[in-house]
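>>> The amino acid sequence is not available; the structure is as follows:
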């Protein structure tokens, strides 16, 4: 009964969303405030209804109701509760429902916080959100209904892919979707601005925090995804340039560009058409990602059960929203007045270069991901575009961005004098080179290791230096602290995010340049030595989990002659899905990870194949990404970005 | 005399041993580089390095064997391309067919700079600050918002 | 002056859409790949003798003057067992000369299969360590090649040959090559 109610609510949402699209739009057309203000109510209403719908599906998973086809296909009564719940979005249908839930949540949030925005603007935004919601709800209802019942209920579910039973993976889709769908808000704002034909300070002030929110969630989602890949896939790698990963990375790159261009739009009232275009592109890339993951047009590690009819539907959505938005942009963008000018050497100039680089990177990832499709269509041959390509083109693109990032915050707006900051830049440069050289001299390393380390240090030193200058360098200590406390949070946010980039770069460089791989058969009592660590194999124990059985290896780690800890890598077998998986054991600390994978039992019963990866500084990668996300959060909570801040007194005032 | 010969032999032996070990190391590094550039054909998007599939293991063995035979990385890649097609290469070749793929990133960047150049040139130099807000509005803004928006 | 460059994003987007639409309409499984060896001569491979069965080598592949099949199989591969029935049918009823490559198998198991289910092969060779079939670009068993009288590869079938494949793909191609 609850399932049917959930189903019914979702059908109701379709109608309400269509209403939310049509009525406010008509209101704008005929200048009727009454019609326009219906958008608030419909936004709240659809959120509440989708909440209920989602809750009912979750309920079916929690009580393992195997009369629901989706639950029977994807769940199992023996699964731990957390994975039963995460199972709701661990499949195509349920994940779409989560998508819609988040979309309606954002609409409701815009309606709630936007009470003081011009009614015309907010109605157009919510109308656009309503259209997106309507099309996705109809997608769910007509092609991928999660509420379908089985005529003959199953007694036991078919489990789900055991490799997906991991905490990091279980919670990463909500974050990712909060990011993807968050970009719909900036998209809708852009559509509204194009329709109204005006981009002003209020608009930019509103778009920036929403971009930041989406960006923060997207960043966390990507980090969780890669953390999962690192810990679960068992190869010690953390990024594989798989189409699915690229599908989340492209919107991230576009959102990063948008984040920076909106600063220029906000502070300098220029680059407005470009900011709007970026907002459109960022959301379009999330839609494109949805298309890639669910249509099966590309080979990918992780694709949902693909179905061409679903692919066709998403392609139509893509054509409608992206095509429509770009056509609107082409017609209307010329009428947006671009504001004040700036010199090439200025903060604006640096941010423009940042935008060129990030937009080019997004385009490059897009090209690389889709190239197999292009070449197949053009001369009917099959090629692969894999990590070696992306690494070869992506690093040269990012190097100038990082070089620029260290000192562009020191540039002044409008027109900067290079000689003013040259001294500082040179000081930072020399210091960074010296530290890198000493490090490389001690530990050895290739040119790329040198470059990576240098970039990381350069960015760290530059960011810290810039922060001190911003506070005031020649102040007394107490005065300095006082002023540092007075700095707006967005200033801290920027510095922290840039430091995060630097930490990330160092993590990537060190973990790849000084990684040690060992692959060998090992027998009971034998050991492997890596640097100052000795790993002793102490045998195999058989263990039973809730829905698996495993061979668990016991390894003792001795570091500098002392017993540090024991590691227990496993080879699991899941009877329900007849899948073997390998659970690596990782000894992790701030400076290195020791990653142990237990392989197959080799022919003579005694020995097992063993893989060990020693990855120094690898955790800096995720730590760096978390710093970026934290920087974003700091910036969002800045007083001046606080959402719902009153700009106009009269809420009913119609825009212009 | 005998001591000298023995010494020679000893030196020769150690050198060749060291050389052999070095060679093995070089082979291993080369093999690893090759594994990274070759696709595990039966897996979804994994390189040979990251795969345990039986075919991947066979291909790894083949690569090692060919390296020991003294074939270069390029020759081994060619050998595999003849049999499995360019699909096996994770790094597309530098050929006319793939030229777009390799130069596109730089075209993107150049195009970006070109557009910026047009934009900066077109923006009238004499034009000063254009604010869409009126003075009164600006005052209000100043009160409510952080002061650094209007510098 | 119309600002044509503002239309560029739209144009690029529609080019993308065309490629996507093509891919969707074709609905090919992107992981199924055509062989690059089509229209090339059958590569020289060195196989071992299986018990007293006739050894498959380059000479007897060319001897017949008719197109023939080369089938790669194993006793441990379940689809190969399903396919066996149709190989038998082709060999007995349609007089197709089939050459077998026994892949990564135990000789004893292979012989048992042939004794139990019949022997559809004109000649057999074994590739115990799976190094020889790499020359054929093998992905997995079973795979079947159609070779013309001149020893050129004309078609590659991935996966088991079932009744439908036999009647609608393999036999028609064999007949077409024969008529040439």
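Thanks, I have the structure now. Source: prediction; values computed, not measured.

>>> Just the pLDDT at the residue of chain B at minimum distance from chain A, thanks.
Among the residues of chain B, residue B:90 lies closest to chain A, at 2.8 Å counting by CB to the nearest CB. Glycine gets a C-beta too; all of them are placed from N, C-alpha and C. Note on residue B:90: pLDDT of 92.

>>> What of the one 10 residues further on?
Reported pLDDT at residue B:100 in the predicted model: 91.

>>> for residue A:301, same thing?
The model's pLDDT for residue A:301 equals 62.

>>> cool, and the one 4 residues further on?
On the pLDDT scale, residue A:305 is placed at 58.

>>> Residue A:570 now?
Confidence for residue A:570, expressed as pLDDT, is 91.

>>> Could you list which residues are in contact with residue 100?
You didn't pick a chain, so chain A it is. For residue A:100, the contact set (CB atoms under 8 Å, 6 or more residues apart in numbering or on different chains) comprises A:13, A:50, A:133, A:136-137, A:140.

>>> looking at chain C here, not the other one
Going by CB under 8 Å, 6+ apart, the list of residues near residue C:100 reads C:56, C:70-73, C:120-121, C:123-125.

>>> Show me which pair in those is furthest apart.
C:120 and C:125 (14.7 Å; CB to CB).

>>> Name the single longest helix found in chain C.
helix C:8-26 (DSSP state H).

>>> Which positions within it qualify as buried?
Neighbour counts over helix C:8-26 (16 or more other CB atoms under 10 Å in any protein chain shown) mark C:9-10, C:13, C:16-17, C:19-20, C:23-24 as buried.

>>> Which elements pack onto that helix?
Contact here means 3 or more CB pairs under 8 Å, 6 or more residues apart in numbering or on different chains; DSSP states H and E; on that basis helix C:8-26 packs against helix A:272-295, helix A:308-318, helix A:324-332, helix A:347-379.

>>> cutoff 7 Å now
The contact analysis (3 or more CB pairs under 7 Å, 6 or more residues apart in numbering or on different chains; DSSP states H and E) places helix C:8-26 against helix A:308-318, helix A:324-332, helix A:347-379.

>>> mind putting the buried residues of helix C:8-26 in TSV, pLDDT included?
Formatted as TSV, the buried residues of helix C:8-26 follow (pLDDT from 0 to 100):
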residue	pLDDT
C:9	92
C:10	95
C:13	96
C:16	94
C:17	94
C:19	92
C:20	90
C:23	85
C:24	85
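
>>> now, which of the residues you listed sits nearest chain B?
For the buried residues of helix C:8-26, the nearest to chain B is residue C:9 (11.8 Å; CB to the nearest CB).

>>> and the helix or strand that contains residue A:449, anywhere near chain B?
Per DSSP states H and E: residue A:449 is located in helix A:447-471. No - judged by CB under 7 Å from any CB of the partner chain, helix A:447-471 stays clear of chain B, getting no closer than 11.2 Å.

>>> Could you list the buried residues of the helix or strand following that helix?
Downstream of helix A:447-471, the next assigned helix or strand under DSSP H and E is helix A:477-486. For helix A:477-486, a neighbour-count test (16+ other CB under 10 Å) marks residue A:484 as buried.

>>> So which residues make contact with helix A:477-486?
A:471-472, A:475 (CB atoms under 7 Å, 6 or more residues apart in numbering or on different chains).

>>> after it comes which helix or strand?
helix A:489-513.

>>> So for chain C, which residue is the most central one in space?
By CA atoms, centre = their mean, chain C has its centre lying nearest to residue C:144, at 2.6 Å.

>>> What residues does chain C have near chain A?
C:3, C:6-7, C:9-10, C:13-14, C:17, C:19-24, C:27, C:30-31, C:33.

>>> tally of neighbours for the one residue in the stretch 151-300 of chain A that gets nearest to chain C?
Across the stretch 151-300 of chain A, the shortest distance to chain C (CB to the nearest CB) belongs to residue A:297, at 4.4 Å. When neighbours are counted by other CB atoms under 10 Å in any protein chain shown, residue A:297 registers 26.

>>> How about the residue of the stretch 251-400 of chain A found nearest chain B, nearest residue that isn't a chain neighbour?
Closest residue of the stretch 251-400 of chain A to chain B, CB to the nearest CB: residue A:386 (2.8 Å). Computed as CB to CB, 6 or more residues apart in numbering or on different chains, the closest residue to residue A:386 that is not its neighbour in sequence is residue B:90, at 2.8 Å.

>>> what's the burial count for that neighbour?
Residues near residue B:90, counting by other CB under 10 Å: 23.

>>> so what's it up against?
Residue B:90 touches A:384, A:386-388, B:37-39, B:47, counting by CB under 7 Å, 6+ apart.

>>> Can you tell me how far it is from residue C:133?
Applying CB to CB, to the nearest Å, the value for residue B:90 to residue C:133 is 22 Å.

>>> Next: residue B:105.
Taking CB to CB, one finds residue B:105 at 39 Å from residue C:133.

>>> Same check on residue A:461?
With CB to CB as the criterion, residue A:461 and residue C:133 are 57 Å apart.

>>> out of the two, which sits in the busier spot?
Neighbours were tallied for residue A:461 and for residue C:133 using other CB under 10 Å; the higher tally belongs to residue C:133 (23 against 19).

>>> just checking, that one touches residue C:127?
Yes - Residue C:133 is within contact range of residue C:127, at 5.4 Å (criterion: CB atoms under 7 Å).
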